[in-house]
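Got a predicted model here, sequence first, then my questions.
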Amino acid sequence: MKESDVWIFRDSGDLPGSVESAHTHSVPLFLIALSVVGVFLTYAITIVLARHLSPDEFDDYIGAIVTVGLLASIAEAGFGKYALRIVPVYAATQDTALLRGYLRFAMLGAVGLGVVLGVAAAGAELSSLRGSKLTTTLIAIAFLPVFAAAGVVVDLLMSLQLPTVAMILSRVAMPLTTLVLVVISVRFFTVTPLMALLCFSVGSLSCVLLGTAIGKFHLRSYKSSEPPKYCFRPWMIEGVTYLLFSFLIAWLFRSSLFIVHHLPHESNALAMLAPAFETGCLVILLSKSIDKYYQPALAIAMESGDWDGIVRLGRSRFMVLGIGIIAFIIVVLGFGDRILRLYGNQYATSYAELCLIALGSSAWTMFSLAPTFLLFSDQRKSLLVLLSIHAVMMFTLTIVLFSWYGAMGAAIAYTVTISSFATCNSVAAKRHFAWLKRTQSSQSEAMPMLASTEKEPAKVRPSI
């Protein structure tokens, strides 16, 4: 962005997506409510499948879903996450040509990358898996472009300042459609891992179609006869950067079950561990919902140098998330075993693993906006170092501890790695924020002195 464009944001209070606007409105409790609804719907889907699939089928299904979920996060990340950074800026400056261009670029890029990743992943799975695991995983990978498109549509709607619409689609419409299809399959057919994957694909496709239609309707408010403009090179560079960071973050949270799926393990070991991870990581959905609400405002505030506004944003977010995290921990500790029994009595044996995973997820949830701040403030090197270290840490600890302690080892590896990553990011973000604030204050103090010096006439030394 040009320097002249940055000064447009100096008076950010008039912008709909600014920090000031985010704070003058009520705290996004409605978004939290939508997240809770989405949690229950997702829970219902997994519970129904766990009760109607055999343990071996459920094991295959979980492995396939985890694999395609990790791949989808890669395919969508570079385009969707960068949209949260740049689309609010295009919208605020009324640059509709670049706005429309990037939206098209992001959608086509996510689908295209999904196809490429799918082909590459299918080749890799052919050499690592066998039997029903291989068949189920390959079928899931075939739907990768649909899953990637659904994820990027939600991010694009968020970047267009439509958080409620995006959350309704991702947390209600998509899982509700999937649940209805799963129930119909159970009621009238014999449910199989393939049938379950088809239900998920149709649910994701419905999100893509509805989200695209809503986005096109919203763009009518940007009246412009200019054709879309494309900045392929900078978008590609930034997209690859965001893709790399988002993949490493996705690896930290989704790789545990992925690694176990590809390691030799006892029958049903993955199936027994999956409910503990699904339940223990539910609190992360809260931070994802809230963070997507605040990310566009954070982007504009950083462009304008509104550091006090960022502080207020952080305090508001801290209060909302703090209440949610405390309630989550109380529920897990008090009723975790009963929750696991909803999947089936045999899954209650993972209660200890559930408690550990919940603690690690809660630590991350509290500080989950710190990596975004580092990325938005061009601290990519520091963030990349932290991500790389903890990605290797997760991979190594999971393999070693799972081979020693089984499911408990995988839970320990997750909690130690995630807690360490959250703490390191929080410390790095606070230090850089303090440096930015000090730098701006020093520049502000220097400007009046420089102006007075320029205005004061030069003193001529009298000659002798």
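Done, it's in.

Where does the most centrally placed residue in the chain fall, secondary structure wise?
The geometric centre of the chain, computed from its C-alpha atoms, lies nearest to K288 (C-alpha atoms, centre = their mean), at 5.7 Å. In this structure, K288 sits in helix 282-304 according to DSSP states H and E.

Any buried residues in that helix, and which?
For helix 282-304, a neighbour-count test (16 or more other C-beta atoms under 10 Å) marks 282-287, 289-304 as buried. The C-beta positions use only the backbone N, C-alpha and C, and glycine is treated the same way.

Extract the residue ranges of the stretch 1-150 of the chain that are flagged as low pLDDT.
Within the stretch 1-150 of the chain, the stretches with pLDDT under 70 are 1-29, 77.

where along it do the helices fall?
Assigned helices in the stretch 1-150 of the chain, in chain order: 3-6, 19-24, 29-52, 55-92, 96-126, 131-142, 144-159 (criterion: DSSP state H, counting those that start in this stretch).

do the stretch 201-350 of the chain as well
If DSSP H, counting those that start in this stretch is used as the criterion, the helices of the stretch 201-350 of the chain fall at 232-262, 269-280, 282-304, 307-341.

How much space separates the closest residue to S362 other than its chain neighbours from T423?
On the basis of C-beta to C-beta, 6 or more residues apart in numbering, the spatially nearest residue to S362 that is not a chain neighbour turns out to be I325, at 4.8 Å. Counting by C-beta to C-beta, to the nearest Å, the separation of I325 from T423 is 15 Å.

Okay, the closest residue in space to I310 that isn't next to it in sequence and A196: tell me how far apart.
The spatially closest residue to I310, leaving aside those adjacent along the chain, is A301, at 5.2 Å (C-beta to C-beta, 6+ apart). Distance, A301 to A196, by C-beta to C-beta: 43 Å.

and what of L286?
On the measure of C-beta to C-beta, L286 and A196 end up 26 Å apart.

before we move on, back to that, tell me, how many residues neighbour the residue nearest to S362?
By the measure other C-beta atoms under 10 Å, the count of residues near I325 is 19.

same question, V116
So V116, with other C-beta under 10 Å, has 12 neighbours.

Buried deepest among the helices of the stretch 201-350 of the chain, which one?
Greatest average neighbour count among the helices of the stretch 201-350 of the chain goes to helix 269-280 (a mean of 25), per mean count of other C-beta atoms under 10 Å.

so how far is that helix from its chain's centroid?
What separates the centre of helix 269-280 from the centre of its chain is 20 Å, taken as C-alpha atoms, centre = their mean, to the nearest Å.

List of residues touching it?
Contacts of helix 269-280 from elsewhere in the structure, counted by C-beta atoms under 8 Å, 6 or more residues apart in numbering, are 42-43, 46, 50, 55-56, 58-59, 62-63, 256-257, 260-261, 332, 336, 339-340, 343, 346-347, 349-351, 353-358, 360-361, 406-407, 410-411, 414.

Now mean pLDDT and distance to L169 too, for the helices of the stretch 201-350 of the chain, in TSV please.
TSV is the format used below for the helices of the stretch 201-350 of the chain (pLDDT from 0 to 100; distance: least, C-beta to C-beta, whole Å):
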stretch	mean pLDDT	distance to L169
helix 232-262	84	20
helix 269-280	88	21
helix 282-304	74	12
helix 307-341	84	22
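
what's the closest of these to L181?
Using C-beta to C-beta as the criterion, the shortest distance between L181 and the helices of the stretch 201-350 of the chain is 19.3 Å, found for helix 269-280.

Determine the angle, from 0 to 180 degrees, between the closest one and helix 307-341.
Put simply, helix 269-280 runs at 130 degrees to helix 307-341, going by axes from the mean of the first three to the mean of the last three C-alpha atoms, to 10 degrees.

what residues does stretch 125-141 touch?
Applying C-beta under 8 Å, 6+ apart, the contact partners of stretch 125-141 are 56-57, 59-61, 63-65, 67-68, 71, 118, 121-122, 193-194, 197, 261-262.

Report the buried members of these.
With neighbours counted using 16+ other C-beta under 10 Å, the contacts of stretch 125-141 contain these buried positions: 57, 59-61, 63-65, 67-68, 71, 118, 121, 193-194, 197, 261-262.

OK, contacts around the nearest residue to Q94 once chain neighbours are set aside?
Beyond its immediate neighbours in the sequence, the residue positioned closest to Q94 (C-beta to C-beta, 6+ apart) is Y222, lying 7.4 Å away. For Y222, the contact set (C-beta under 8 Å, 6+ apart) comprises 91, 94, 96, 99-100.

Could you measure from L273 over to A410?
When distance is defined by C-beta to C-beta, L273 is 6 Å away from A410.

Spell out which residues are contacts of both of those two.
The contact sets of L273 and A410 overlap at 260, 353 (C-beta under 8 Å, 6+ apart).

List the residues that contact the residue nearest to S362.
When the contact criterion is C-beta under 8 Å, 6+ apart, the partners of I325 are 283, 286, 362, 365-366.

can you list those residues in TSV and add distance to S201?
As requested, those are exported to TSV (distance: C-beta to C-beta, whole Å):
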residue	distance to S201
V283	27
L286	26
S362	32
T365	29
M366	34
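
about what we covered before: might you report the residue contacts of the residue nearest to the centre of the chain?
Residues touching K288, when contacts are defined by C-beta under 8 Å, 6+ apart, comprise 35, 368.

how far away is it from S420?
For K288, the distance to S420 under the criterion C-beta to C-beta works out to 20 Å.

again with S368
With the distance defined as C-beta to C-beta, S368 ends up 14 Å from S420.

what does M174 give?
M174 is 33 Å from S420, where distance means C-beta to C-beta.

more crowded one of the two?
M174 (26 against 17).

Which residue, other than its chain neighbours, is closest to the more buried one?
Computed as C-beta to C-beta, 6+ apart, the closest residue to M174 that is not its neighbour in sequence is C207, at 4.2 Å.

just L49 next, same as before
Setting aside the residues directly before and after it, L49 is nearest to A196 in space (C-beta to C-beta, 6+ apart), at 5.5 Å.

What of L162?
With sequence-adjacent residues excluded and distances taken as C-beta to C-beta, 6+ apart, L162 is closest to H218, at 6.4 Å.
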